[in-house]
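**Q** this is a predicted model, with the sequence first.
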Amino acid sequence: MIYKKGDILEFTIDSLAFGGRGIARLNNFVWFVRQGIPGQKVSAKITKIKKEYGEAKVHEIISPSPYQVNPPCPYFGICGGCQLQHLKYEKQVEYKTKQVKEILERLGSQKQIEVLPTVPASDIYGYRNKMEFTYSNRQWMINENDTEEPADFALGLHVPNRYDKVLNIEACLLQSEKANRLLKKIGDLTAQSRLGPYSVKTHQGFWRFLVIREGKNTEDLMVNIMTSDQEPDKGPKEIDRLVHKLFRNHPELTTMLHSVCDQKAQVAFGRLDRLILGSGKISERIGKRIFDISPNAFFQTNTKQTQILFDTISKLADFQGSETVFDLYCGTGAIGIYVADKVKQVVGIEVIESAVSDGKHNIELNKINNIELIQSDMKDALQNNELTDRYGTPDVVILDPPRGGPHPKTLKGLLDIAAPKIIYVSCNPPLLARDLQILCEKMYICTTVQPVDMFPHTGHIEVVALLKRNF
């Protein structure tokens, strides 16, 4: 059959793809259906046609799935942050396990691996310890048929595939109630101010981003308001006015900062202009370890599941107390700090200078004396024998690369040092499958994979893989 964009077809959704889209088959053709979940019969509008598959979005539910639930978020289906709120949580976890297994078998030829059931989250709402919100002068209209002009102020989240419009929201169910109260209050105060939001088209405007961070186990609460540098006279006065009104209603705030973003890119990253309240950091506790977190530092966004993730790493590594551990792409060194009392020594490698600095601070904070952090680009760090000459061949390598995966030179370096064990932590199962093919071609066997659900209601999945040297 000849299909074209905009056609509406009927599908029965029989599975769930990695990323959260439903999978349907019609006339021997595969369709990925946005907002479709297994067990549904739907009509869906075609959005894209490729040679080997098509894409569509649910237009109407003809018959619901037995696993379907009513999503509690009023923005579900528009925001795009949560793809699976309408699927029972136990089914979300079940399908994530299946997806990991299928990806490793299909893309990585890893049929011998034991893929353990995904570890579910105990909190499926309010679990995020950090949220970034964007200001815009172009508000997304919830009703697609609305003919009104978009509002000239919004504070919220980008809808999928739109850089220029923002969905104005008053609460996100993935963050806590106190964080949502702050979001609502700051949104109201900045909307009433005499300065406007930033425009990605004209690059004019003052308000740019709002970042809220929490210490889930410490009750610390940070607000980082980010603006342009275009109002050197009026800007500080508006910030002072906002701060004065905010403090009266939110005494639970422990740290507040004003940062300036002067780049055109829509990235919530800025230089500190003024520390308004507190130390400029928040603290978080994972197990018995304490971590100070600076405004731009990376830290896992689900605190409870982070401890599960770190415990999983430790369990699969089966530390005996005498190991030398190389922690690659270590960031601020959180994993190494967590496992330090279980091993002889940890050597962390990280390219970002500020992350290394934060890591060293947290090592001192926890009074640990068997960790060393080294600032180095990972693609170069393993290309000579300097590390092994200094620290010896590691007994365990913890590899936790960014979403884009490790550099090919890093994989070659791993094969050169030939550590007995590699613990590969991945937020991108397809790239993990690719790398397992390389690592397991001659030297390693991947024996166990443990998925951990760090992000309920989304298509994301964290995976911990154990590789053992086969000689």
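**A** Thanks, I have it.

**Q** going by C-alpha atoms from here, please, whenever you check contacts or count neighbours.
**A** Will do.

**Q** got phi/psi on the residue nearest the centre of the chain?
**A** Closest to where the C-alpha atoms of the chain average out (CA atoms, centre = their mean) is residue 301, at 6.8 Å. According to degrees, to the nearest 10, the main-chain angles of residue 301 amount to phi -90, psi -10.

**Q** that one contacts residue 174, correct?
**A** No. Applying CA atoms under 8 Å as the test, residue 301 and residue 174 come out as separate, 10.6 Å apart.

**Q** please parse this structure into its domains.
**A** 1-68, 93-123+302-469, 130-285 (automatic domain parsing).

**Q** mind checking how far the second one is from the chain centre?
**A** The one in question is domain 93-123+302-469. Distance of domain 93-123+302-469 from the chain centroid (CA atoms, centre = their mean, to the nearest Å) equals 16 Å.

**Q** quick one: mean pLDDT for it?
**A** Per-residue pLDDT over domain 93-123+302-469 has a mean of 95.

**Q** which helix or which strand is home to residue 411?
**A** Here residue 411, judged by DSSP states H and E, is contained in helix 408-417.

**Q** what helices or strands is that helix leaning on?
**A** If contacts are counted by 3 or more CA pairs under 8 Å, 6 or more residues apart in numbering; DSSP states H and E, helix 408-417 sits against helix 378-381, helix 429-439.

**Q** residues in contact with the helix or strand following the first one?
**A** Spelled out, that is helix 378-381. Using DSSP H and E, the helix or strand that follows helix 378-381 towards the C-terminus is helix 386-391. In this structure, residues lying in contact with helix 386-391 by CA atoms under 8 Å, 6 or more residues apart in numbering are 324, 381, 394, 417.

**Q** most surrounded residue in those?
**A** residue 394 (22 neighbours; other CA atoms under 10 Å).

**Q** this structure: helices as residue ranges?
**A** In the chain, the helices defined using DSSP state H lie at 89-108, 177-191, 234-249, 303-317, 334-339, 353-365, 378-381, 386-391, 408-417, 429-439.

**Q** okay if I get these as JSON lines plus distance to residue 470?
**A** Converted to JSON lines, those look like this (distance: least, CA to CA, whole Å):
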{"stretch": "helix 89-108", "distance to residue 470": "18"}
{"stretch": "helix 177-191", "distance to residue 470": "49"}
{"stretch": "helix 234-249", "distance to residue 470": "60"}
{"stretch": "helix 303-317", "distance to residue 470": "16"}
{"stretch": "helix 334-339", "distance to residue 470": "25"}
{"stretch": "helix 353-365", "distance to residue 470": "33"}
{"stretch": "helix 378-381", "distance to residue 470": "24"}
{"stretch": "helix 386-391", "distance to residue 470": "20"}
{"stretch": "helix 408-417", "distance to residue 470": "12"}
{"stretch": "helix 429-439", "distance to residue 470": "11"}
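
**Q** many thanks, have a good one.
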